[in-house]
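Enquirer: Starting from these lines, generate the structure:
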Amino acid sequence: MEGIIRSEGSIRIDGSFSGDIHTAGRLVIGKSGRIEGRIDCMDCESEGLVLGELRVAGLLSLKASSRVDGEIHGAVRGVGPVGVVW
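Expert: This next block holds a predicted model:
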(Lines give C-alpha, C1' and ligand atoms only; values in the text may rest on other atoms or scores of the structure.)
Protein backbone atom coordinates (compact mmCIF):
# COMPACT_ATOMS: atom_id res chain seq x y z
CA MET A 1 0.00 0.00 0.00
CA GLU A 2 1.25 3.51 -0.68
CA GLY A 3 0.11 7.09 -0.33
CA ILE A 4 -0.44 9.57 2.48
CA ILE A 5 -2.21 8.82 5.75
CA ARG A 6 -3.50 11.69 7.90
CA SER A 7 -5.25 10.96 11.18
CA GLU A 8 -6.24 12.62 14.43
CA GLY A 9 -6.40 9.22 16.15
CA SER A 10 -4.11 6.25 16.60
CA ILE A 11 -2.86 4.06 13.74
CA ARG A 12 -1.47 0.53 13.62
CA ILE A 13 0.57 -0.79 10.67
CA ASP A 14 1.10 -4.56 10.37
CA GLY A 15 1.98 -4.74 6.67
CA SER A 16 4.02 -2.72 4.17
CA PHE A 17 3.34 0.97 3.59
CA SER A 18 5.24 3.42 1.39
CA GLY A 19 4.54 7.13 1.80
CA ASP A 20 3.91 9.68 4.53
CA ILE A 21 2.07 9.14 7.81
CA HIS A 22 0.87 12.13 9.85
CA THR A 23 -1.04 11.47 13.06
CA ALA A 24 -1.81 13.54 16.14
CA GLY A 25 -2.17 10.24 17.98
CA ARG A 26 -0.07 7.14 18.53
CA LEU A 27 1.53 5.07 15.78
CA VAL A 28 2.09 1.38 16.45
CA ILE A 29 4.23 -0.59 14.01
CA GLY A 30 3.76 -4.33 14.46
CA LYS A 31 6.46 -6.99 14.04
CA SER A 32 5.50 -7.51 10.39
CA GLY A 33 5.17 -3.75 9.79
CA ARG A 34 7.42 -1.99 7.27
CA ILE A 35 7.14 1.73 6.57
CA GLU A 36 9.18 3.54 3.94
CA GLY A 37 8.74 7.31 4.01
CA ARG A 38 8.26 10.14 6.47
CA ILE A 39 6.43 9.70 9.76
CA ASP A 40 5.14 12.53 11.99
CA CYS A 41 3.34 11.38 15.14
CA MET A 42 2.76 12.14 18.79
CA ASP A 43 3.93 8.75 20.18
CA CYS A 44 5.40 5.71 18.44
CA GLU A 45 5.86 2.10 19.50
CA SER A 46 7.71 -0.03 16.96
CA GLU A 47 8.42 -3.73 16.61
CA GLY A 48 8.93 -3.45 12.84
CA LEU A 49 11.03 -1.64 10.24
CA VAL A 50 11.15 2.08 9.45
CA LEU A 51 13.06 3.28 6.38
CA GLY A 52 13.12 7.07 6.30
CA GLU A 53 12.44 9.96 8.62
CA LEU A 54 10.75 9.43 11.99
CA ARG A 55 9.55 12.53 13.86
CA VAL A 56 8.06 11.86 17.28
CA ALA A 57 6.81 14.67 19.53
CA GLY A 58 6.29 12.48 22.60
CA LEU A 59 7.34 8.96 23.53
CA LEU A 60 9.31 6.71 21.15
CA SER A 61 9.59 3.07 22.16
CA LEU A 62 11.71 0.71 20.03
CA LYS A 63 11.14 -2.94 20.87
CA ALA A 64 13.77 -5.67 20.49
CA SER A 65 12.67 -6.63 16.95
CA SER A 66 12.52 -3.04 15.66
CA ARG A 67 14.88 -1.37 13.21
CA VAL A 68 15.12 2.23 12.07
CA ASP A 69 17.21 2.99 9.00
CA GLY A 70 17.07 6.77 8.68
CA GLU A 71 16.70 9.87 10.81
CA ILE A 72 15.00 10.08 14.20
CA HIS A 73 13.81 13.47 15.43
CA GLY A 74 12.73 13.47 19.07
CA ALA A 75 13.89 11.70 22.18
CA VAL A 76 14.32 7.92 22.14
CA ARG A 77 12.94 6.94 25.52
CA GLY A 78 12.79 3.18 25.29
CA VAL A 79 14.98 0.79 23.33
CA GLY A 80 14.58 -2.98 23.69
CA PRO A 81 17.61 -5.20 24.34
CA VAL A 82 18.44 -5.59 20.64
CA GLY A 83 16.52 -2.79 18.90
CA VAL A 84 18.60 -1.43 15.99
CA VAL A 85 18.96 2.24 15.03
CA TRP A 86 21.05 3.00 11.91
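
Enquirer: so who does residue 36 touch?
Expert: 16, 17, 18, 19, 51, 52 (C-beta atoms under 8 Å, 6 or more residues apart in numbering). Where you see a C-beta, it was placed from the backbone N, CA and C, and this is true even at glycine.

Enquirer: again with residue 28
Expert: 10, 11, 12, 13, 44, 45, 46.

Enquirer: Identify, from the residues you listed, the entry nearest to residue 4.
Expert: residue 11 (12.3 Å; C-beta to C-beta).

Enquirer: Please tell me how far that closest one sits from residue 74.
Expert: 17 Å (C-beta to C-beta, to the nearest Å).

Enquirer: Could you check which of those two is surrounded by more residues?
Expert: Neighbours were counted for residue 11 and for residue 74 using other C-beta atoms under 10 Å; residue 11 has more, 19 against 16.

Enquirer: Averaged over its residues, which helix or strand of this structure has the lowest pLDDT?
Expert: strand 84-85 (a mean of 52; mean pLDDT, DSSP states H and E).

Enquirer: So for stretch 7-26, first residue to last residue, what's the gap.
Expert: Using C-alpha to C-alpha, to the nearest Å, the end-to-end distance of stretch 7-26 comes out at 10 Å.

Enquirer: where's that stretch relative to the chain centroid, distance-wise?
Expert: 8 Å (C-alpha atoms, centre = their mean, to the nearest Å).

Enquirer: Would you mark the buried spots in it?
Expert: 11, 13, 17, 20, 21, 22, 23, 26 (16 or more other C-beta atoms under 10 Å).
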